[in-house]
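Novice: Sequence plus the predicted model coming up.
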Amino acid sequence: MQVDLGNVLDTASAHGVSREALERLDGRVAAAHDRIERGRAAGEHGYESLNLPNSTDPAAIRDAVSRFDDPSAVVTVGIGGSALGAATLTDALESDVDAYYLDNVDPEAVERLLDSLDLSSTVVNVVSRSGTTAETLANFLVVQEAMADAGVDWADRTFVTTGEEGNLRDLADQHDLPSLPVPDGVPGRFSVLSTVGLAAAALCGHDIEAVLEGAAAQEARLSDSLFDSPAYAYGAVSYALAERGMHQNAMMPYAESLETFSEWFAQLWAESLGKDGLGQTPLRALGATDQHSQLQLYRAGPRDKLVTLVRATEREDVAIPETDLDGLAYLGGSSLGELLDAEFEATEASLVAADRPNVRIELDRVDEHGLGELLYAMEAACVLYGELASVDAFVQPAVEWGKRAARGLLGGGDFEEADAVEEKSRLVVE
Ligand SMILES: O=P(O)(O)OC[C@H]1O[C@](O)(CO)[C@@H](O)[C@@H]1O
């Protein structure tokens, strides 16, 4: 994996950052790296996340899922970091096992999925670090009833990934369900390289050891200089550009297989860095598709965006047949991959021509190793950005208000936040 910063320099984009400014920032990167390494060594909350390539035991994960012989489908019931990491992996990789995610409580979507499944050959993986998340527990109860209605012994087809306490742990103990622990000191959005993200991948037959090897390759590149570490290079320039008004970051992979990765990145970046009035808003985009939609804004809208373009340098390809259709002969004889690469490079140049800074991230392939590199590098980049911005990247207090309000509305307790819902101001236009 490599990160190319050429198009964020002010020699390329008038609103970029100078090489001298990056070199000055590198001194702060060294101090931040030292702080990160001390946190890792001490197993401090959050910093522990960057130890996962070595602390995660793939054999234990494989052992836990080995009891489920030959599933046709895996349904992960979880939300946020308890679903997006696993989904990033299984959506990016091919498998004979269908992987689905119930990570919302939209009744029509839940019913549509459950009606489509052969529940007798489906494995249900209920994932919740806290074990108390309302959406996850509500969805599990619905899935449990659907399995019972289908005549399936739900306890025989379910395993749980959760903490040492909470409703989900109680349920697992009560029904003697197979379970996996969640790693201490690792917030959900940083937990893909653990039981939380890897169990579903293992059930789908993916090489979770290779994911961890890729992550370890990027861990080995962490250093006291952004010029020696792809992860820190990305984290440092994202921070530097945010300081220069690029308050949004459009994550734009040129690979359908990485579309879910952008969702995972959005939680990682927003929930880690959006604090104290600071942060960099992640936008989800997909190349080449969004050249025909959002690129207009990125290129000619407000000068407040970094665009991150990601591609694999090796991929399967499809030839474009020769044609005598007027005006299309130039396409014939090339390939979709060549067209995708031409559009990737044209979009980069298009943004530079409009003085819009952009970063290129290149993987060798979108395979288990490449995904491990990319996921770990983004996590380390996020941790570094948090250190440079002096925000605590590992807590998410702002999400709790809404949870209390929703729980109060459902009679789950007496919360003043629920009262505020009743006081909503209204101006209805019909
Ligand atoms: O794994 P849990 O505890 O169910 O939490 C799910 C998600 O909800 C959050 O805690 C936010 O509410 C995320 O940080 C987390 O990934």
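Specialist: Okay, I see it. Residues are numbered from 1 along each chain as shown.

Novice: residues in this protein within reach of the ligand, list them.
Specialist: Proximity of the chain to the ligand, by CB under 6 Å from any ligand atom, involves residues 79-82, 128-130, 133, 136, 187-189, 271, 396, 399. Any C-beta I mention is one placed from the backbone N, CA and C, and that applies to glycine too.

Novice: any idea which of these is the one closest to Met147?
Specialist: Thr136 (16.2 Å; CB to CB).

Novice: Which strands or helices does the one helix or strand Thr161 maps to pack on?
Specialist: Per DSSP states H and E: Thr161 is located in strand 158-162. Taking 3 or more CB pairs under 8 Å, 6 or more residues apart in numbering; DSSP states H and E as the contact definition, the neighbouring helices and strands of strand 158-162 are strand 122-128, helix 167-174, strand 179-181, helix 195-203.

Novice: and the chain, what are its domains?
Specialist: 2-37+212-389, 50-206, 400-429 (the TED database).

Novice: The stretch 101-250 of the chain: helices as residue ranges?
Specialist: For the stretch 101-250 of the chain, the helices defined by DSSP state H, counting those that start in this stretch occupy 107-116, 134-149, 167-174, 195-203, 208-219, 230-243.

Novice: looking at those helices, which is closest to His45?
Specialist: Nearest to His45 among the helices of the stretch 101-250 of the chain is helix 195-203 (15.8 Å), distances taken as CB to CB.

Novice: and the closest one, average pLDDT?
Specialist: The average pLDDT within helix 195-203 is 98.

Novice: So which other helices or strands are in contact with that helix?
Specialist: Secondary structure elements in contact with helix 195-203, counted by 3+ CB pairs under 8 Å, 6+ apart, are helix 58-65, strand 73-77, helix 84-92, strand 122-128, strand 158-162, strand 179-181, helix 208-219.

Novice: now the end-to-end length of stretch 174-194.
Specialist: Start and end residues of stretch 174-194 are separated by 25 Å (CA to CA, to the nearest Å).

Novice: start at 29 instead
Specialist: Okay, residue one is now 29; in that scheme the one you just asked about reads as stretch 202-222.

Novice: Pull the distance from the lowest-mean-pLDDT helix or strand in the chain to the chain's centre.
Specialist: The weakest-scoring helix or strand in the chain, judged by mean pLDDT, DSSP states H and E, is helix 444-450 (a mean of 90). Centroid separation for helix 444-450 versus its chain: 32 Å, with CA atoms, centre = their mean, to the nearest Å.

Novice: List the buried residues in it.
Specialist: Of the residues in helix 444-450, Glu445, Ala446 count as buried by neighbour count, 16 or more other CB atoms under 10 Å.

Novice: Which elements pack onto it?
Specialist: Helix 444-450 makes packing contacts with helix 428-437 when contacts are defined by 3+ CB pairs under 8 Å, 6+ apart.

Novice: Just the CA coordinates for the helix it packs on, please, in PDB.
Specialist: The C-alpha trace of helix 428-437 is given here as PDB (Å, rounded to 0.1, in the frame of the first residue of the first chain):
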ATOM      1  CA  GLU A 428     -25.700   9.200  24.200                       C
ATOM      2  CA  TRP A 429     -28.200  12.000  24.400                       C
ATOM      3  CA  GLY A 430     -30.300  10.600  21.500                       C
ATOM      4  CA  LYS A 431     -30.100   7.100  23.000                       C
ATOM      5  CA  ARG A 432     -31.600   8.300  26.300                       C
ATOM      6  CA  ALA A 433     -34.400  10.200  24.500                       C
ATOM      7  CA  ALA A 434     -35.300   7.200  22.400                       C
ATOM      8  CA  ARG A 435     -35.300   4.900  25.400                       C
ATOM      9  CA  GLY A 436     -37.500   7.400  27.300                       C
ATOM     10  CA  LEU A 437     -40.000   7.600  24.500                       C
END
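
Novice: Gly44 reaches Asp38, doesn't it?
Specialist: Yes - look at Gly44 against Asp38 with CB atoms under 8 Å: they come within range, at 4.2 Å.

Novice: The two - which one has more neighbours?
Specialist: Neighbours were counted for Gly44 and for Asp38 using other CB atoms under 10 Å; Gly44 has more, 27 against 16.

Novice: ok, now which ones touch the more buried one?
Specialist: Residues in contact with Gly44 (CB atoms under 8 Å, 6 or more residues apart in numbering) are Asn35, Val36, Leu37, Asp38, Leu269, Asp383, Pro385.

Novice: Give me the pLDDT for the fourth one.
Specialist: Meaning Asp38. At Asp38, the model reports a pLDDT of 94.

Novice: What separation is there between it and Gly273?
Specialist: 13 Å (CB to CB, to the nearest Å).

Novice: Nearest to the ligand within the stretch 129-278 of the chain, name that residue for me.
Specialist: Nearest residue of the stretch 129-278 of the chain to the ligand (CB to the nearest ligand atom) works out as Gly216 at 2.7 Å.

Novice: What are the buried residues along stretch 261-279?
Specialist: Here stretch 261-279 shows 261-272, 274-279 as buried, counting by 16+ other CB under 10 Å.

Novice: pull the CA atoms of the strand holding Thr189 into PDB?
Specialist: Coordinates of each C-alpha in strand 186-190 appear next as PDB, following Å, rounded to 0.1, in the frame of the first residue of the first chain:
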ATOM      1  CA  THR A 186     -26.600 -18.400  17.000                       C
ATOM      2  CA  PHE A 187     -23.300 -17.200  18.500                       C
ATOM      3  CA  VAL A 188     -22.600 -14.000  20.400                       C
ATOM      4  CA  THR A 189     -19.700 -11.600  20.300                       C
ATOM      5  CA  THR A 190     -19.900  -9.300  23.300                       C
END
